[in-house]
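Chemist: Just the structure for this:
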Amino acid sequence: MPFDKSKMMFPIKNEYAFLSHCGVSPLYSGGFRAVQLACERQMRLGSVVLAEDYHRTLRSLREAVARLLNTGPQNVAFVKNTSEGIGLIAAGYPFTAGNKVIGYRHEYPANRYPWELLKNRGVEYICLDNTNADGKSLTTEHAVAWSMNNLKDLVHKGGVKVVAISHVQFKSGYAADLKALGEFCENEEIDLIVDAAQSLGAMPIDAKELKIAAVVSSGWKWLLGPLGTGLMYVSPKLREKLLPVLVGAEVRRGGEDYEATEWPIDETAKQFEYSTSPLALATALDRCIREVPLAQGVERIQAEIFRLQDVFLKALKSKPCHPIFDPEVNRSPILSLVYPGDASALSEELIRRKVYCTARGGYLRIAPHYYTDDAEIIKAAEILNAIA
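Modeler: Numbers count the residues shown, from 1 in each chain. Predicted structure coming up:
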């Protein structure tokens, strides 16, 4: 069945050829209607929505996310963003002085700052070198990739408890081989924490099969959800290790007796939903996940994104503007282009011409979604041909 790429379903197409789903994506129209309905119900019914909608909605959202990650809903929690989810894990992890966390030199702050902050507890955050796609070290400050060999060398020096890495790097678009990474971490008894903000909904992730301890993501990129939404998967084994960091009425197991002197913490990932969640946003994210990646199929979405990238590269004639990687190497939904001039200025000019894309780390990022049509992606290439 062909994808629905209509302007009615995706009104952003009335304004832009939108190629920045690695940034803040347009809210899926079904999610917008879900927000409206949820807010209208609170307007009309007040606290009745707590009894009738609140727990049902959160259960539905956890079930949808669980299907996306091929896990059980007991392993999923709704959070505000990636920073919150990773922060809860980092602060609650039972580190001791001398332990180490491995990250990448050019990692996104949401999956770097919480680990760097642990230096106050004597934990060392060590960075993987910047390499090319073949694993050879680079002196350039421009982010490209990291290598498994470098990772193994750092692990074998001892003391590593966590590897915290993005599935897809936000600057270069380099996609990690999660299968190889997960197997290595499991063999070394290291917890693998994955920031999936730049892949979830556009690339398949099987949390159990890939042996991932935790997956954390925002909801407003490839999931097309509202700002202020995120999700986290935490394996049962990792949950047993983590200490509570933030607690409130929602973490309590067994009812709503708020005057109880004892408050046993829920054994499921619900324990990370420490306070009242934004119901309207949860409703919208649930709708977005069910009607976009689950209904359309993540593998189909990924294939369509890659096909659109191929259409773009075929139309791109400008040699000064070229992709970092060969299209088949560590491919991701982000196609980052090397540009010898000012990539930010180039991005601004494209936006002025109604092609919305963004620049990060000196690269121009082309990030179409499945609803992008060929004419939109070719328009971007033709503008670049004319400018570059």
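
Chemist: which helices and strands sit right next to the lengthiest strand in the chain?
Modeler: Counting by DSSP state E, the longest strand found in the chain is strand 160-166. Judged by 3 or more C-beta pairs under 8 Å, 6 or more residues apart in numbering; DSSP states H and E, the packing partners of strand 160-166 are strand 100-104, helix 148-155, helix 178-187, strand 191-195. For every residue, glycine as well, the C-beta is placed using N, CA and C.

Chemist: winner for burial among the ones you listed?
Modeler: strand 191-195 (a mean of 26; mean count of other C-beta atoms under 10 Å).

Chemist: List the strands paired with that one, with their directions.
Modeler: Partner strands and pairing direction for strand 191-195 (DSSP bridges) are strand 160-166 (parallel), strand 214-218 (parallel).

Chemist: Could you check how far it is from the centre of its chain?
Modeler: Averaged C-alpha coordinates place strand 191-195 at 12 Å from its chain's average position (C-alpha atoms, centre = their mean, to the nearest Å).

Chemist: Alpha carbons of it, as PDB, please.
Modeler: The C-alpha coordinates for strand 191-195 follow below in PDB (Å, rounded to 0.1, in the frame of the first residue of the first chain):
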ATOM      1  CA  ASP A 191      25.400  -1.700  30.500                       C
ATOM      2  CA  LEU A 192      24.700  -0.200  27.100                       C
ATOM      3  CA  ILE A 193      22.700   3.000  27.200                       C
ATOM      4  CA  VAL A 194      21.400   4.100  23.800                       C
ATOM      5  CA  ASP A 195      20.200   7.600  22.900                       C
END
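
Chemist: wait, Leu224 sits on Gly30?
Modeler: No. Counting by C-beta atoms under 8 Å, Leu224 stays clear of Gly30, with 9.0 Å between them.

Chemist: shared neighbours of these two, which are they?
Modeler: Cys288 (C-beta atoms under 8 Å, 6 or more residues apart in numbering).

Chemist: Looking at those two, which has the bigger crowd around it?
Modeler: The neighbour count for Leu224 versus Gly30, taken as other C-beta atoms under 10 Å, is higher for Leu224 (27 against 16).

Chemist: Can you pull the phi and psi angles for the more buried one?
Modeler: When quoted as degrees, to the nearest 10, the phi and psi of Leu224 stand at phi 60, psi 30.

Chemist: Provide the secondary structure category for the residue lying closest to Phe306 once chain neighbours are set aside.
Modeler: In space, and not counting its chain neighbours, Phe306 is closest to Arg331: 6.5 Å by C-beta to C-beta, 6 or more residues apart in numbering. Three-state assignment for Arg331 (DSSP: H, G, I helix; E, B strand; the rest coil): coil.

Chemist: Just give me the residue right at the centre of the chain.
Modeler: Taking C-alpha atoms, centre = their mean, the centroid of the chain lies closest to Ala197, which sits 0.9 Å from it.

Chemist: check contacts around it.
Modeler: So Ala197 contacts Thr82, Tyr108, Ala110, Ser166, Phe170, Val216, Ser217, Ser218, Lys221 (C-beta under 8 Å, 6+ apart).

Chemist: Would you mind checking the average pLDDT for the longest strand of the chain?
Modeler: For strand 160-166, the mean pLDDT works out to 98.

Chemist: again with stretch 316-330
Modeler: For stretch 316-330, the mean pLDDT works out to 82.

Chemist: Repeat that for stretch 131-140.
Modeler: Averaged over stretch 131-140, pLDDT sits at 78.

Chemist: tell me which residues of it are tucked away?
Modeler: Buried residues in stretch 131-140, defined by neighbour count with 16 or more other C-beta atoms under 10 Å: Thr131, Asn132.

Chemist: CA atoms only: put it into CSV for me.
Modeler: The C-alpha atoms that make up stretch 131-140 are tabulated as CSV, following Å, rounded to 0.1, in the frame of the first residue of the first chain:
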residue,chain,number,x,y,z
THR,A,131,37.6,8.5,13.3
ASN,A,132,36.6,8.1,9.7
ALA,A,133,34.1,5.4,8.7
ASP,A,134,37.0,2.8,8.5
GLY,A,135,38.0,3.5,12.1
LYS,A,136,41.2,5.5,11.3
SER,A,137,41.8,8.4,13.8
LEU,A,138,41.2,11.9,12.5
THR,A,139,42.7,15.2,13.6
THR,A,140,39.8,17.2,12.3
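
Chemist: Okay, and Ile289 sits in which element?
Modeler: Element membership for Ile289, per DSSP states H and E: helix 279-291.

Chemist: which is the next helix or strand following that helix?
Modeler: Following helix 279-291 toward the C-terminus (DSSP H and E): helix 293-296.

Chemist: mean confidence for that following helix?
Modeler: Rounded mean pLDDT across helix 293-296 is 98.

Chemist: Just the CA trace of it, in PDB.
Modeler: Coordinates of each C-alpha in helix 293-296 appear next as PDB, following Å, rounded to 0.1, in the frame of the first residue of the first chain:
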ATOM      1  CA  PRO A 293       5.800   3.800  12.800                       C
ATOM      2  CA  LEU A 294       3.400   1.000  14.000                       C
ATOM      3  CA  ALA A 295       0.900   1.400  11.200                       C
ATOM      4  CA  GLN A 296       3.300   2.200   8.400                       C
END
